[in-house]
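Asker: what follows is a predicted structure for the sequence shown.
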Amino acid sequence: MRTRRVVAGAFGLTVVAAAALSGTLRRFEIKEASMSPTLEPGDWVIARRMSRPPDRGDIVVFNDPTGTGMNLVKRVIGLEDETLTVKSGRVLVDGAVLADRWANGATVFEGSWIVPQDYVWVLGDNRGDSRSDGRTIGTTPVEEIGWRVVARYWPTSNARSLT
């Protein structure tokens with residue numbers, strides 16, 4: 001049984017390494033708690049290069065538009081041509097309450113945002129501890145999103161698919 005796991009692990013590592021070398025996969029370290037409990041500081045994730053527009057619920061990686069040089073990891077909440085409103089701790093999409101199974105805590109900082117074509121609106125799952133998301137940076141151009149997170153691989157005790 002142990003030999004089978006070692007062989008399977010080595011095979012998986014080889015596949016991931018080949019994909020990484022081809023530029024289709026990349027790993028990222030989670031450094032902040034803005035996506036907690038889905039992703040915790042110290043977690044490592046694998047992301048796939050974007051090949052289609054993101055869907056609601058996708059976890060994406062993009063450069064911080066405020067110029068910090070950091071990558072931001074956030075969840076896509078709003079899609080093009082939608083109006084997003086944060087009111088009384090809830091997120092509304094075109095006036096309907098979002099079935100927001102990802103939210104950890106109430107969504108504060110009330111406001112309303114219209115998502116233009118070819119843009120999305122993102123939030124961190126840990127709504128009380130997510131500083132650079134749609135509430136402060138506004139909408140994000142789809143062309144600026146380089147990666148979609150597909151799995152957490154470290155720590156191994158929490159390894160799982162995120163798609």
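Answerer: On my side now, so go ahead.

Asker: tell me the SS of residue 102?
Answerer: Following DSSP: H, G, I helix; E, B strand; the rest coil, residue 102 is assigned to coil.

Asker: so what pLDDT did the nearest residue to it once chain neighbours are set aside get?
Answerer: With C-beta to C-beta, 6 or more residues apart in numbering as the measure, residue 125 is the residue that lies nearest to residue 102, at 4.8 Å, once sequence neighbours are left out. C-beta: built from backbone N, CA, C; applies to glycine. The pLDDT attached to residue 125 in the predicted structure is 95.

Asker: okay, the residue positioned nearest the centre of the chain and residue 163: tell me how far apart.
Answerer: The centre of the chain sits closest to residue 59, judged by C-alpha atoms, centre = their mean, with a distance of 2.3 Å. From residue 59 over to residue 163 the distance is 9 Å, taken as C-beta to C-beta, to the nearest Å.

Asker: overlap in contacts of the two?
Answerer: Both residue 59 and residue 163 are contacted by residue 148, under the criterion C-beta atoms under 8 Å, 6 or more residues apart in numbering.

Asker: run through the bridge partners of residue 71.
Answerer: Bridge pairing for residue 71 (DSSP bridges) gives the partners residue 63.

Asker: does it really touch residue 28, like I thought?
Answerer: Yes: at 6.3 Å, residue 71 counts as touching residue 28 under the criterion of C-beta atoms under 8 Å.

Asker: joint contacts of those two?
Answerer: Both residue 71 and residue 28 are contacted by residue 61, under the criterion C-beta under 8 Å, 6+ apart.

Asker: ranges for the helices of the chain?
Answerer: Secondary structure of the chain, counting by DSSP state H: helices at 2-22, 134-137.
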